[in-house]
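Asks: sequence plus the predicted model coming up.
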Amino acid sequence: MTKPESSKKESNEETGTKSEPPDDPQTNPSPTTAKDLFADFAPDESDSSDDDSGKKSENYEPASKKPKDSSKKYIPKYKKEWESKPELKSWLSESIHGNTYFYCKFCKKDYRCGISDIHKHMSSKKHTLRATMPEFRAQKFKFRGLLCPVFTPFVAMKSVAPNVNLKAVPKYANFLSACGVRGILVNDVVGEGMSLTIRERIDIADAWADVCEKTNQFLMVQIGGAPLKDVVELAKHAAKREVGAVVVLPDLYTKPKNHLDLIKYVKLVSEFTRNVPILYHHYPRYTGVEIDIGAFLLDIIGEVDSFVGVIYSTNDIQQSMAAAAVNREKFTIFMGTDEGILGAAASGFTCIMGTSLNFLPKLVESICEAVREGNLKAAQTSQNLLIKTIDVVLKEGDSIAAFKAATDIITGTCGTTTREPLQTFWDGTIKKMQVKLRELGVM
């Protein structure tokens, strides 16, 4: 016979026990903050630093497990200047869990804060072991200037999947180098990277890596837009070739729902890129992923040490400027639209990506140079000519196929052939575009 509710209550009071409340989604919400999400990355109790007696110090409990107690005495807070101390600067960082914790880059964990706690952790067995592993190098992204997202040359043939023409790469690279383009991005959207096999993407990266060593160009390789297993292989290859940086698009099938999902994805990929700097390509019109870049940059601090910035392929300069202001010391923001080159240069962006660098690099450079010299009228004249040229090119068809055709018409470097589902321009369309480009005076 079951007891009535009142009897159960009296029984609980007599025994000193409390009844368990039922699970309630309102009282147990799903993770909504970086702290909640990255509780999985916090150290287990078994990973906490040990003192000389072999007992765990309470100071090294993981941030996600430390009980809250408002009656505790003053808790030391993290100070940014600690990172400049010679014995700490190679591994100490601020924590995503708040200013009462610090993050160890060697151990990949968050611990309770205080300078004495930091030194105690530094002398722990776990940290000492990690410190003796192959040298950790915190990356500084040093590239500044114009970045060209290059096309993938294909062998001209009637096929839905024409072969990659690697022999065209040296001539292509030499042309861009002669025009002063110092940054190269391969296998991105413009390069039809998502239409290529993993073997083809590796071969293209190798071909550009070899030639960039001779031309002294800075090579960036886009490794995303593929199943995670393939992304891992591309990441390992980029690390092996020691490219200048890797660029990551989000997963294009299981798309991140928010910036925390994206951080988790970038963190997974970073495990295989070693010390190669990582950037995220924010291209919502193509990927369909629209996230808060400001929140993303704030919450990725301390989680992925090799993450260095964002390529911002939207026409919203105000949003890109807000992203650039998050942390100018840690992150580099590329403005990545041709229509916004003048606005980006005038707004102080030192890194600009534009597809038009493939066929009008000198015109793009003239915009940036005129801004630097304070000649706004000349910059506007060059930008207007660039926009007119882009309008003429895009009237003929799909943007990638059209820009690729314009590039080959003007420079003769990459061919006009594209891979399905993109449609290669017919000879008649190419001749029509050639006439219009001559009328504009850009060739």
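Replies: Yep, that arrived.
Asks: domain parsing for this protein?
Replies: Under automatic domain parsing, the residue ranges defining each domain of the chain are 31-131, 145-360.
Asks: and the helices in the stretch 301-443 of the chain?
Replies: Residue ranges of the helices in the stretch 301-443 of the chain, as given by DSSP state H, counting those that start in this stretch, are 317-324, 341-346, 361-372, 376-394, 399-411, 427-440.
Asks: out of the ones you listed, nearest to Met194?
Replies: helix 399-411 (11.2 Å; CB to CB). The way it works is simple: take the backbone N, C-alpha and C, and place the C-beta from them, glycine included.
Asks: before we move on, back to that, most packed of the domains of the chain?
Replies: Ranked by mean neighbour count, the domains of the chain are led by domain 145-360 with a mean of 20 (mean count of other CB atoms under 10 Å).
Asks: show me how far that one is from its chain's centre.
Replies: What separates the centre of domain 145-360 from the centre of its chain is 8 Å, taken as CA atoms, centre = their mean, to the nearest Å.
Asks: likewise for stretch 107-126?
Replies: On CA atoms, centre = their mean, the centre of stretch 107-126 falls 29 Å from that of its chain.
Asks: and if you look at stretch 144-162?
Replies: Its chain's average C-alpha position is 22 Å from that of stretch 144-162, according to CA atoms, centre = their mean.
Asks: model confidence over that stretch, on average?
Replies: Averaged across stretch 144-162, pLDDT comes to 92.
Asks: tell me, how many neighbours does the residue lying closest to Ala156 once chain neighbours are set aside end up with?
Replies: Counting by CB to CB, 6 or more residues apart in numbering, Thr417 is the residue found nearest to Ala156 once chain neighbours are left out, at 5.1 Å. The local packing of Thr417 (other CB atoms under 10 Å) involves 24 other residues.
Asks: any idea how far Lys436 is from Thr417?
Replies: Using CB to CB, to the nearest Å, one gets 21 Å for the distance from Thr417 to Lys436.
Asks: what do you get for Leu219?
Replies: With distances defined as CB to CB, the gap from Leu219 to Lys436 amounts to 33 Å.
Asks: re earlier: quick one, phi psi at the residue nearest to Ala156?
Replies: Its backbone dihedrals place Thr417 at phi -70, psi 130, with angles given as degrees, to the nearest 10.
Asks: so it makes contact with Ser159?
Replies: No: contact criterion CB atoms under 8 Å: Thr417 and Ser159 do not qualify, at 9.0 Å.
Asks: residue boundaries of the strands in this protein?
Replies: Remark: strands assigned in the chain by DSSP state E are 92-94, 101-104, 109-112, 145-149, 183-186, 218-222, 245-248, 278-282, 307-312, 332-335, 351-353.
Asks: which other residues reach the last one?
Replies: Think strand 351-353. In this structure, residues lying in contact with strand 351-353 by CB atoms under 8 Å, 6 or more residues apart in numbering are 143-149, 183, 185, 309, 311, 313, 332-336, 341, 344-345, 364, 368.
Asks: any regions of the stretch 251-400 of the chain where pLDDT drops low?
Replies: Filtered on pLDDT under 70, the stretch 251-400 of the chain yields no residues whatsoever.
Asks: ok, Ile263 touching Leu297?
Replies: No: with the criterion set as CB under 8 Å, Ile263 and Leu297 do not qualify as a contacting pair; they are 9.8 Å apart.
Asks: the nearest residue to Thr350 once chain neighbours are set aside: neighbour count?
Replies: Spatially, and ignoring its direct neighbours in sequence, Thr350 is nearest to Arg144 (4.6 Å; CB to CB, 6+ apart). Arg144 sits with 14 neighbouring residues when counted by other CB under 10 Å.
Asks: count the residues that sit near Lys142.
Replies: By the other CB under 10 Å criterion, the neighbourhood of Lys142 contains 11 residues.
Asks: could you measure it against Gly244, distance?
Replies: Lys142 sits 9 Å away from Gly244, taking CB to CB as the criterion.
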